[in-house]
Each structure stands twice: as C-alpha cells, then as structure tokens.
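Got a sequence here, can you build the structure:
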Amino acid sequence: MSAALFDAFLGTQEMDAVFDDGAVLAAMLRFEAALAHAQARHGLVPERAARAIAAACNAPLYDVPALVQASRRAGSLAIPLVKELTRTVAAQDKEAAHFVHVGATSQDVIDTAMVLVTRDALALLDTGLDTLTGTLLALVERHVDTPILARTLMQPAQVTSFGLKVAGWTAPLLRSRVQLHAAGARALQLQLGGAVGTLSGMGGHGQAVARDMAGDLGLGCPDGAWHTQRDEWVRLGLEVAVLAGSLGKIAIDLALLAQGEIGEVAEPSGPGRGGSSAMPHKRNPVAAMVALAAAQRAPHRAAALLGAMGQQHERGLGNWQAELAEWPGLFIGTHGALAALNEALAALAVHPARMRANIDAQHGMVFAEALAGYLAGFIGKPAAHAMVEQFARDAVAQQRDLSAAGLAAVDGDLLLRGKVDRRTWHALFDPVTAAAPAAALARRQLQALRQLHHKDAA
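Numbering: from 1, shown residues only. Just a heads-up that it's a prediction; the model follows:
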C-alpha cells in the first residue's frame with residue numbers, strides 16, 4: 001500500500017504539483033542557469049559556457065526517479081543532478097562543462113529551489129484565503145442580526161449573533177494573510193554561500209553574483225548565506241501552521257453546528273459527498289473533516305521545523321534534511337483544508353429557524369445574566385444573582401420557563417412587587433433583543449474586516 005494513499009484526499013492537486021519532484025528539479029535547474037548567467041556577467045564563466053549550461057537546464061532532459069534514487073546514496077539531490085547536468089552540457093560543449101555549479105554548494109541549489117516553489121505555494125494559499133475570506137464576509141453581512149446560541153465549555157451560554165460568530169472565524173484568516181505576506185517577504189531569499197558560506201570560490205565577485213541571481217529569480221538578496229540561520233524560513237512555516245490551526249477552528253465549529261441534534265448549518269450535499277457505506281441517511285461534514293485532519297498534523301510538522309533549527313556549525317547534519325522533508329506536507333495539508341472549506345462555505349446551508357428553536361429549547365436559561373442585571377437595579381448585584389439562581393432551580397423543578405418562574409416569584413416578593421415592568425421583563429427574553437449587542441459589534445467588525453480584506457488583496 002502506498003504511504004500516499006491516505007494523504008491524497010487531504011491535499012490538492014494544485015499544491016501537490018508545486019512540490020512535485022519534477023517541479024523541485026526544474027527550480028534547481030533555474031538556480032543553475034541563473035548562476036551561470038550571473039557569473040558570466042562578472043567574468044567568472046565564459047558567455048558561451050553560460051549559454052550552454054542554461055540550454056541544458058531543461059527539466060524534461062533528466063530522469064527524475066533515477067536522480068531521486070541516486071540522492072539516497074549521495075546524501076543530496078543536488079549531487080547527482082549536478083553530475084547529470086555536467087554530463088549533459090559536456091555532450092554539447094566539453095569546455096562549458098568545466099563551468100557548471102562553480103563556487104556553489106548543494107544546499108545553495110536546494111534551498112533556493114525550495115524558496116522558488118514555496119513562492120508558488122504561498123500564491124496558492126493567498127488566492128484561497130482571498131476567496132474564503134470574501135465568502136465569510138458576505139456570510140457575516142447576511143447574518144448580522146441572526147440570533148444563535150453562544151456556547152462555552154460546550155454548553156449553551158447566552159445569545160449571540162451568527163454574523164459575529166462568522167466574523168470571529170474571519171479575523172484570524174485575514175491576520176494570517178497579512179503575516180504570510182510579511183513572512184514571505186523576509187524568507188523568500190536567494191541561498192548562495194558556497195561550501196561554508198564565504199563565497200570563496202568566486203574570487204571576490206560572490207556578492208555581485210548573488211545580487212544578479214536574486215534579481216533574475218525575483219528573490220530577496222540576503223547579506224550572507226543562511227545555511228544554518230533558519231529563523232526567517234521557519235517563521236514562515238510556523239505562520240502556515242497557525243493558518244492551519246485557524247482553519248481547524250472553523251472546521252470544528254462547523255462540525256458541531258452540523259450535528260443532527262443541533263442542525264444549525266449543513267455542508268452542501270450531493271451524490272457521493274459525505275455519505276456512509278452503511279447508513280443511507282448520513283450527511284457527513286467531509287470538508288470539516290479534511291480541515292481538522294490538516295490542523296491535527298500541523299503542530300507536529302511545526303514542531304519538527306523548530307526541532308531542526310539547532311543545526312551544527314556552518315552546515316547541518318540530518319536536521320536540515322528533516323526540515324526539507326516536513327516542509328511540503330505543511331503547505332499541502334493547509335491548502336487541502338483551505339480548499340475544502342472554500343467548497344463547503346460557498347454553498348453552506350444556514351438554518352436560522354433551527355437556531356431560534358435551539359434558543360427556545362433552553363427555556364429562557366440563557367437570558368439569566370440579563371435578568372440578573374435588570375433586577376440588580378432594584379436589589380443590588382449579589383442579591384439579584386442569588387435570586388435568579390433560585391428562579392432557575394424553581395424553573396427546572398416546575399418544568400417551566402425561567403421567565404414564568406421568575407415572574408411568579410417576583411409577584412410574591414414584597415420588595416419587587418409592582419416595581420418590575422413586565423414589558424421590560426419580556427424584552428429580556430427576546431432572542432433578537434439579546435443578540436443586538438453582538439449584532440452591533442459584528443457591524444463594526446465587518447467594516448474593519450472588509451478594509452483589511454481589500455488591503456490584503458491589493
């Protein structure tokens with residue numbers, strides 16, 4: 001059984017293609033072509049040789065599986081690739097073959113290739129985030145005033161607005177988008193240091209070559225090699241892991257709200273989607289499942305990146321290789337979660353009537369704080385709190401609503417009788433009124449979130 005069998009449906013074909021063996025190989029060859037051209041500009045490589053090297057940097061010319069197999073013996077994919085590139089160049093121009101990979105080292109080509117494909121990976125995440133946050137903002141606007149139970153510690157608590165709940169899903173995604181832009185700007189840099197990071201093999205032209213290469217490849221040019229300085233690179237990976245966690249938060253809320261006995265939202269359904277091999281009635285939240293699976297694995301991948309930071313001296317042994325192995329999975333899983341939630345939320349079924357029914361099923365208990373606040377104006381906060389606690393016990397014992405049990409008790413209370421305004425009392429138990437503060441907050445947040453969304457898109 002292939003190890004990828006259960007990975008396949010947790011990712012996307014688009015992100016798989018970004019980190020495909022052939023894509024990484026092509027990025028490595030882009031490094032070699034850029035290196036030769038930049039060195040030719042500074043007299044380190046004859047112009048004719050640079051053209052011959054660049055012509056040989058054509059991925060279809062190479063047997064990718066054979067190179068991958070050879071890398072197991074060599075300890076690095078760059079070693080067999082440079083060997084094959086040199087052989088390919090020599091077949092056309094023996095003199096040019098002497099100038100392949102001059103002054104660079106294996107980590108230079110592999111790190112730069114990973115930067116190049118990661119730039120493409122970040123673009124996919126950014127596009128998915130733009131779509132998802134746009135969908136969520138429209139959902140906020142539609143349901144600003146829709147009352148829904150707020151739940152704390154997995155229990156009904158008070159009434160909030162579904163729009164505010166969705167705003168709470170959206171804000172972390174917009175913040176992640178900002179952080180990914182910033183972290184990408186810092187981390188997407190050329191790697192070029194030579195054997196020990198000194199560029200000693202380029203005769204004093206190393207930094208000029210690096211600047212030209214960075215410009216040709218559209219990457220940042222660092223002050224020096226970052227072979228074992230992995231801080232900015234790992235920070236980028238950690239931002240992706242945080243995004244996976246935020247997507248997991250949305251997924252768990254969706255799954256809980258879609259439970260049959262709750263029924264406040266539902267993922268889209270259709271032939272072959274979310275069914276069961278045994279139970280024809282099932283409508284499983286498969287998008288939430290995919291996002292939760294990605295969120296479950298992200299912390300372990302993030303921990304692996306952090307654990308690999310203690311790299312020895314100028315070039316690491318084992319830890320850099322571990323980092324490389326973990327990196328693609330973090331992006332693949334996160335993009336899988338993003339794509340799944342985009343599909344689900346684009347056609348999410350929202351059931352306001354069921355939300356209202358679930359509020360009503362609490363028999364007024366979720367309005368207890370508001371009731372205590374009202375009574376505190378007559379008898380003070382401690383006494384009001386204790387009184388409403390007693391109302392709640394009476395309501396449970398008598399199988400009545402809190403409102404009715406409380407009014408009966410107030411009518412028999414000498415201090416409160418005649419002071420309580422019944423219209424105000426009943427308004428305390430109105431879900432729309434109770435949701436009004438949340439709705440007002442959602443409207444304020446919506447404006448700020450839309451501005452951030454437009455800024456991110458720009």
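
Mind checking what helix or strand follows the host helix or strand of residue 323 in sequence?
Take DSSP states H and E as the rule and residue 323 turns out to sit in helix 319-346. The element immediately downstream of helix 319-346 (helix or strand, assigned by DSSP H and E) is strand 349-350.

show me the contacts for residue 265.
Each residue near residue 265 by Cβ atoms under 8 Å, 6 or more residues apart in numbering is listed here: 254, 257, 258, 348, 349, 350, 351. Where C-beta positions appear, they are placed from N, C-alpha and C, glycine not excepted.

Quickly list what it is bridged to.
According to DSSP bridges, the residues that bridge with residue 265 are residue 350.

Residue 359 should be in a helix, yeah?
Yes - counting by DSSP: H, G, I helix; E, B strand; the rest coil, residue 359 falls inside a helix.

close enough to count as contact, it and residue 147?
Yes - under the criterion of Cβ atoms under 8 Å, residue 359 lies in contact with residue 147, with a separation of 6.2 Å.

Now for those two: what residues contact both?
Residues touching both residue 359 and residue 147 (Cβ under 8 Å, 6+ apart) are 159, 431.

of these two, who's got more company?
It is residue 147, of residue 359 and residue 147, that has more neighbours when counted by other Cβ atoms under 10 Å, with 24 against 21.

I'd say that one and residue 431 touch.
Yes - here residue 147 reaches residue 431: they are 3.9 Å apart, a contact under Cβ under 8 Å.

Give me the common contacts of these two.
Common neighbours of residue 147 and residue 431 (Cβ under 8 Å, 6+ apart) are 159, 356, 359.

can you pull out the strands in the protein?
147-152, 155-161, 265-266, 349-350 (DSSP state E).

how about those strands, which one is nearest residue 299?
With distances scored as Cβ to Cβ, the stretch of the strands of the chain nearest to residue 299 is strand 147-152 (23.9 Å).

Next, the buried residues of the longest helix seen in the chain.
Ranked by number of residues, the top helix in the chain under DSSP state H is helix 106-142. Residues 106-122, 124-126, 128-129, 131-133, 135-137, 139-140 are the ones in helix 106-142 that count as buried (16 or more other Cβ atoms under 10 Å).

repeat for stretch 340-352
Applying a neighbour-count criterion of 16+ other Cβ under 10 Å, one finds 340, 341, 342, 343, 344, 345, 348, 350, 351 buried in stretch 340-352.

Could you export these to a markdown table, including columns for distance to residue 77 and pLDDT?
Rendered in a markdown table, the data for the buried residues of stretch 340-352 read as follows (distance: Cβ to Cβ, whole Å; pLDDT from 0 to 100):
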| residue | distance to residue 77 | pLDDT |
| --- | --- | --- |
| 340 | 31 | 95 |
| 341 | 34 | 97 |
| 342 | 33 | 97 |
| 343 | 35 | 94 |
| 344 | 37 | 95 |
| 345 | 39 | 97 |
| 348 | 43 | 96 |
| 350 | 49 | 97 |
| 351 | 52 | 98 |
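
Residue 286: which of those residues is nearest?
Nearest to residue 286 out of the buried residues of stretch 340-352 is residue 340 (Cβ to Cβ; 7.4 Å).

Isn't that closest one up against residue 293?
No - using Cβ under 8 Å, residue 340 is not in contact with residue 293, being 9.4 Å away.

residues in contact with stretch 212-229?
Surrounding stretch 212-229, the residues in contact under the criterion Cβ under 8 Å, 6+ apart are 30-31, 34-35, 37-38, 41-42, 107-108, 111-112, 115-116, 119, 185-186, 188-194, 197, 199, 210-211, 232-233, 311-316, 320.

mind checking the end-to-end distance for that stretch?
Using Cα to Cα, to the nearest Å, the gap from the first to the last residue of stretch 212-229 comes to 22 Å.

and it, how far from the chain's centre?
What separates the centre of stretch 212-229 from the centre of its chain is 26 Å, taken as Cα atoms, centre = their mean, to the nearest Å.

Mind listing what's buried along it?
Taking 16+ other Cβ under 10 Å as the basis for neighbour counts, the residues of stretch 212-229 that come out buried are 212, 213, 214, 216, 217, 219, 222, 225, 226, 227, 228.

For those residues, work out which two are farthest apart.
For the buried residues of stretch 212-229, the farthest-apart pair by Cβ to Cβ is 216 and 228; their separation is 25.4 Å.

now the protein, which segments are flagged as low pLDDT?
In the predicted model of the chain, residues 1-3, 270-283 satisfy pLDDT under 70.

how close does the residue most central in space within the chain get to residue 60?
In the chain, the residue lying closest to the centroid (Cα atoms, centre = their mean) is residue 243, at 2.5 Å. Using Cβ to Cβ, to the nearest Å, we find residue 243 at a distance of 34 Å from residue 60.
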